[in-house]
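K.L.:
Generate a structure from the sequence data that follows.
(2 chains)
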Number of protein chains: 2
Amino acid sequence: MTPSKTSEGAAATVEYLEALRLEVNQRLSASLEGLRDRRSLGAIRPPARLLEAMRYSLLAGGKRLRPVLVLVACEATGGRREDAWPAALAIEYLHTYSLIHDDLPAMDDDDLRRGRPTLHRAFDEATAILAGDALLTEAFGLLARARRQPARLVIELAQAAGSCGMVGGQQLDIEAEHRPRAEIQLETIHRAKTARLFVAAAAMGGLAAGAPQRQIALLRRYGAVVGHAFQVADDLIDVVGDAAATGKGLGRDAARGKYTYVVRDGIDATRCEARRLGQRARELAEALGERAAPLVTIAERAVERVA
Amino acid sequence: MTPSKTSEGAAATVEYLEALRLEVNQRLSASLEGLRDRRSLGAIRPPARLLEAMRYSLLAGGKRLRPVLVLVACEATGGRREDAWPAALAIEYLHTYSLIHDDLPAMDDDDLRRGRPTLHRAFDEATAILAGDALLTEAFGLLARARRQPARLVIELAQAAGSCGMVGGQQLDIEAEHRPRAEIQLETIHRAKTARLFVAAAAMGGLAAGAPQRQIALLRRYGAVVGHAFQVADDLIDVVGDAAATGKGLGRDAARGKYTYVVRDGIDATRCEARRLGQRARELAEALGERAAPLVTIAERAVERVA
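P.N.:
So this is what the prediction gives:
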């Protein structure tokens, strides 16, 4: 019996994931202090306002799903958590940059993020663009300092975040606003924009652990399914969720006329799909054995909000 | 006597640098075709409009100074040019992203670049932000595929381009617009915004060659001086240059009230400084021996425009 199958074990896993989330916050904060490059010719100290902007967005809270996933994927395949920290921090830097740029006036034009003004509102648009650029750049700098397979980690993250992944998905998402709905391929958009980064998080955990190819392939499939589950659940929560719990306000998708899984398939079918994906992610995690209990819990939590 | 010290040798070096520039163009074009990641779960083909935007900016011409510098720095320290290509392409991807984002309305708000509409004018602002993000991301993906020391190359480029380098310098440059001129440290801004990337180009050439630390240190100093020389010469050319030769139009700095070396020190002192820097860069290149003849020529060309 795996820990997650007893209520005691499940509670311990939930506590463990919460402890990891707090440690992610601490290490993110410390990592910003480490952005010094005084040895190199031409290097300067990061300008105060730029660093403040990076900190404002990076330390705005959030579930820290992606870095926690890196860490537990590493441990699930027998690695030491310590070896996964560069990848964990890098993926959160990268995720944060993507939120900053997505919020810009030329993109989604959002004024609020996690209950606070978005970065370009709190600072200014130029600083927001540059803080995003800096976080993206520093993500790769952090990642290349990993002890094990740094080059493969960089390739993995670049593929997940670039034109075949997150940025490509964001481009398709923006273009979809001007397309007939029958032509919009929601799965393709979300696979690239959201799920691909979960695939990278899980795979980077395995790479940091030095896991065999077979296990990394399993982690990838888990990442793809759990990432999709989060997206489907998010679409649903925007319609049927609890505003206090999401911290975002509800009905935002409908207000901006966004085409979502709920619009396409209806509430009931979308809820079924979320459950199916959560169950599938659970099974994939269980195939990794007892050490993967936190991956099982993450799969459950992805969809428990819409149960 | 090094090749550059005879007129025949100098002509051959100029021809060689031009051949490299053309090969950079060809390889940049081919590299965009290579942006496919169909093996990974969740990967998509790059959206057509995004790829078109990346191509529009990446293949807009230009002197290709930074990639050529990577290549000849590699050869100057005994490396094979083939080993330097990933770094050469990566630094041009990165430079191109920085131009795209600098031109945005929230930044320098430029309508023209190299005689053509800037990317956000030719396409739209969202696509320009995303094409810049994609080029920055793919730069690290390319770099991590280098045969030799990929992780060190990634660290070098991330430091040069991030908050302690180019992005930090751009932030200082924007903030300088609202500061009293007496408080503006032009050297600090340009060291970070321009010269640091030349330091990285030269150092990456040495790293790709597997050059000893002492030679890489020499290349760094060369990069810092030659990068500074280009910036000082650019400031001067904007005032005294030949509009047809620059392809940019003149007096742009003055028209926007920009604080430059010429404004601070006057035309004559700025010209003296450019010459001094060109001479210093020449000396540093000569210290690397005969194979560094192209570096000598680059130093000469940096300032010949203001001679």
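K.L.:
Which one of the residues in the stretch 151-300 of chain A is closest to chain B?
P.N.:
residue A:158 (3.1 Å; CB to the nearest CB). Glycine gets a C-beta too; all of them are placed from N, C-alpha and C.
K.L.:
That residue sits in which helix or strand?
P.N.:
Residue A:158 belongs to helix A:150-161 when assigned by DSSP states H and E.
K.L.:
Measure how that helix sits relative to helix B:150-161, angle-wise.
P.N.:
60 degrees (axes from the mean of the first three to the mean of the last three CA atoms, to 10 degrees).
K.L.:
Can you point out the buried residues in the next helix or strand after helix A:150-161?
P.N.:
Past helix A:150-161, further along toward the C-terminus, the next helix or strand under DSSP H and E is helix A:166-176. Neighbour-count burial for helix A:166-176 flags A:166-176 (criterion: 16 or more other CB atoms under 10 Å in any protein chain shown).
K.L.:
hey, where'd the strands end up in the stretch 51-200 of chain A?
P.N.:
With DSSP state E, counting those that start in this stretch, the ranges of strands along the stretch 51-200 of chain A come out as A:112-113, A:116-117.
K.L.:
Surely residue A:202 and residue A:222 touch.
P.N.:
Yes. Using CB atoms under 8 Å, residue A:202 is in contact with residue A:222, at 5.6 Å.
K.L.:
list residues touching both of those two?
P.N.:
Common contacts of residue A:202 and residue A:222, defined by CB atoms under 8 Å, 6 or more residues apart in numbering or on different chains, comprise residue A:73.
K.L.:
Please name every helix or strand in contact with the strand or helix carrying residue A:203.
P.N.:
Secondary structure from DSSP H and E places residue A:203 in helix A:196-209. Counting contacts by 3 or more CB pairs under 8 Å, 6 or more residues apart in numbering or on different chains; DSSP states H and E, helix A:196-209 packs against helix A:65-76, helix A:81-103, helix A:150-161, helix A:166-176, helix A:213-240.
K.L.:
which parts of stretch A:271-287 are buried?
P.N.:
The neighbour-count check on stretch A:271-287 (16+ other CB under 10 Å) flags A:271, A:273-275, A:277-278, A:280-282, A:284-286 as buried.
K.L.:
picking that back up, any chance of the buried residues of helix A:166-176 in TSV, plus pLDDT?
P.N.:
As requested, these are exported to TSV (pLDDT from 0 to 100):
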residue	pLDDT
A:166	98
A:167	98
A:168	97
A:169	97
A:170	97
A:171	97
A:172	97
A:173	96
A:174	94
A:175	95
A:176	94
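K.L.:
Those: which ones sit near chain B?
P.N.:
A:167-172, A:174-175 (CB under 8 Å from any CB of the partner chain).
K.L.:
Quick check: the farthest pair among the residues you listed?
P.N.:
A:167 and A:175 (12.8 Å; CB to CB).
K.L.:
do you know how far the residue nearest the centre of chain A is from chain B?
P.N.:
Closest to where the C-alpha atoms of chain A average out (CA atoms, centre = their mean) is residue A:66, at 4.0 Å. Using CB to the nearest CB, to the nearest Å, one obtains 14 Å as the distance from residue A:66 to chain B.
K.L.:
Report whether the expected contact of that residue with residue A:202 is present.
P.N.:
No. Counting by CB under 8 Å, residue A:66 does not reach residue A:202; the two are 9.5 Å apart.
K.L.:
Is it possible to get TSV of the buried residues of stretch A:271-287 that adds secondary structure?
P.N.:
Formatted as TSV, those follow (DSSP: H, G, I helix; E, B strand; the rest coil):
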residue	secondary structure
A:271	helix
A:273	helix
A:274	helix
A:275	helix
A:277	helix
A:278	helix
A:280	helix
A:281	helix
A:282	helix
A:284	helix
A:285	helix
A:286	helix
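K.L.:
pLDDT and distance to residue B:6 added to those residues, as CSV?
P.N.:
As requested, the buried residues of stretch A:271-287 are exported to CSV (pLDDT from 0 to 100; distance: CB to CB, whole Å):
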residue, pLDDT, distance to residue B:6
A:271, 95, 79
A:273, 96, 74
A:274, 96, 74
A:275, 96, 78
A:277, 97, 71
A:278, 97, 74
A:280, 98, 72
A:281, 98, 70
A:282, 97, 74
A:284, 98, 68
A:285, 98, 70
A:286, 97, 74
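K.L.:
Can you narrow those residues down to the ones near chain B?
P.N.:
Residues of these in contact with chain B (CB under 8 Å from any CB): none.
K.L.:
for the residues you listed, which one is nearest residue B:8?
P.N.:
Checking the buried residues of stretch A:271-287 one by one against residue B:8 (CB to CB), the nearest turns out to be residue A:284, at 67.4 Å.
K.L.:
My understanding was that the closest one contacts residue A:221; is that so?
P.N.:
Yes. Between residue A:284 and residue A:221 there is a contact under CB under 8 Å: 5.5 Å.
K.L.:
what packs against the host helix or strand of residue A:279?
P.N.:
Using DSSP H and E, residue A:279 falls within helix A:267-286. Under the contact definition 3+ CB pairs under 8 Å, 6+ apart, helix A:267-286 sits against helix A:213-240, helix A:261-265, helix A:293-304.
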